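Enquirer: build me a model from this:
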Amino acid sequence: MPIVKIKNNIAQMIIDAIGEAKLQIVDGDIFVIAHTIISRAEGKQFFIPGISPSPIAEIIARKTGKDPSLVELILNEASKILKVQNNIIITKTKHGWICANSAVDQSNAQPNSAITLPDDSDKSAEKIGKILSENYKKEISILVSDTHGRALRRGAINIAIGSYNFSVLDNVVGREDIFGYELKSTIIALADEVCSAAELVMGQADEMAPVIIVKGFEQRSTISNVEELQFDDDKRLFR
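Expert: From the prediction side, this is the model:
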């Protein structure tokens, strides 16, 4: 796919790319879309030198060694600062995600720029999903992905931050294992697993493959949204 610019029609760009690749779309196909292209199209790429840092951004910048203007953008995307340590700002974003630097990313952004998350990834996924479903007359699903780190483990993986027509969780409580024991608490994060699998093809650098089509996946539960992947604050084990 070409580099996405502001106000580009993501759904139409996907349709054009599928046509050029002569891919066949069938019922059940899942489109995993890197949020960066949605963010660019929705005007969520910011020119860092044009941002005026606040006094608190200046203080955090001195502590982390980050550009004060970049820190200001991180703060603008945050609803709460949880920790500042080791050149990383852990925040709870205004979307509800807990992650490093409010998910503000300079990779795959224009020079001197940074990309933030879409304002509403579920809404973006729904808009794209409905256009693609109508175009192909097929039952399809959309997952919007982002790369996140994990508590207590090194390395990043792709997770879902938006969804349309997908069962993001599979609650297997009550099922029996191979020895007949009843599962008591197991809930599978299907949306995150699919996004992580797609990342193996999508990549993180210059692959130019921000949309991956996952085929042959059987949804196991009722349709739900990505907000169900989040713990409430009072239930978080690590703080």
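
Enquirer: which strands or helices does the longest helix seen in the chain pack on?
Expert: When the chain is parsed with DSSP state H, its longest helix is helix 121-136. Applying 3 or more CB pairs under 8 Å, 6 or more residues apart in numbering; DSSP states H and E, one finds that helix 121-136 contacts helix 10-21, strand 30-34, helix 35-41, strand 141-150, strand 153-164. For glycine as for every other residue, the C-beta is placed from the backbone atoms N, C-alpha and C.

Enquirer: what is the rounded mean pLDDT of it?
Expert: Averaging pLDDT along helix 121-136 gives 97.

Enquirer: how about stretch 186-198?
Expert: 92.

Enquirer: kindly report the same for stretch 4-23.
Expert: Here the average pLDDT along stretch 4-23 is 95.

Enquirer: could you work out the end-to-end span of that stretch for me?
Expert: Stretch 4-23 has an end-to-end distance of 21 Å (criterion: CA to CA, to the nearest Å).

Enquirer: contacts for it, please.
Expert: Stretch 4-23 is contacted by residues 1-2, 25, 31, 33, 36-38, 40-43, 45, 127-128, 131-132, 135, 210-211, 213 when judged by CB atoms under 8 Å, 6 or more residues apart in numbering.

Enquirer: run the last query once more with 6 Å
Expert: M1, I37, I38, R40, A41, G43, I128, I131, L132, N135, V211 (CB atoms under 6 Å, 6 or more residues apart in numbering).

Enquirer: beta partners for the residue nearest to E228 when sequence neighbours are not counted?
Expert: In space, and not counting its chain neighbours, E228 is closest to L169: 5.5 Å by CB to CB, 6 or more residues apart in numbering. For L169, the beta-bridge partners under DSSP bridges are A189.

Enquirer: helices or strands up against the worst-scoring helix or strand of the chain on mean pLDDT?
Expert: Across the helices and strands of the chain, mean confidence by mean pLDDT, DSSP states H and E is lowest for strand 169-171: a mean of 85. When contacts are defined as 3 or more CB pairs under 6 Å, 6 or more residues apart in numbering; DSSP states H and E, strand 169-171 packs onto strand 187-189.

Enquirer: which positions within the strand it packs on qualify as buried?
Expert: A189 (16 or more other CB atoms under 10 Å).

Enquirer: send the alpha carbons of the longest helix of the chain over as PDB?
Expert: Output of helix 121-136 as PDB, limited to C-alpha atoms (Å, rounded to 0.1, in the frame of the first residue of the first chain):
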ATOM      1  CA  SER A 121     -10.500   3.000  17.000                       C
ATOM      2  CA  ASP A 122     -13.800   1.100  17.300                       C
ATOM      3  CA  LYS A 123     -15.600   3.700  15.300                       C
ATOM      4  CA  SER A 124     -12.800   3.700  12.700                       C
ATOM      5  CA  ALA A 125     -13.000  -0.100  12.500                       C
ATOM      6  CA  GLU A 126     -16.700   0.000  12.000                       C
ATOM      7  CA  LYS A 127     -16.600   2.600   9.300                       C
ATOM      8  CA  ILE A 128     -14.000   0.700   7.300                       C
ATOM      9  CA  GLY A 129     -15.600  -2.700   8.000                       C
ATOM     10  CA  LYS A 130     -19.000  -1.600   6.700                       C
ATOM     11  CA  ILE A 131     -17.600  -0.200   3.500                       C
ATOM     12  CA  LEU A 132     -15.600  -3.400   2.900                       C
ATOM     13  CA  SER A 133     -18.500  -5.700   3.700                       C
ATOM     14  CA  GLU A 134     -20.800  -3.800   1.400                       C
ATOM     15  CA  ASN A 135     -18.200  -3.800  -1.400                       C
ATOM     16  CA  TYR A 136     -17.500  -7.500  -1.300                       C
END
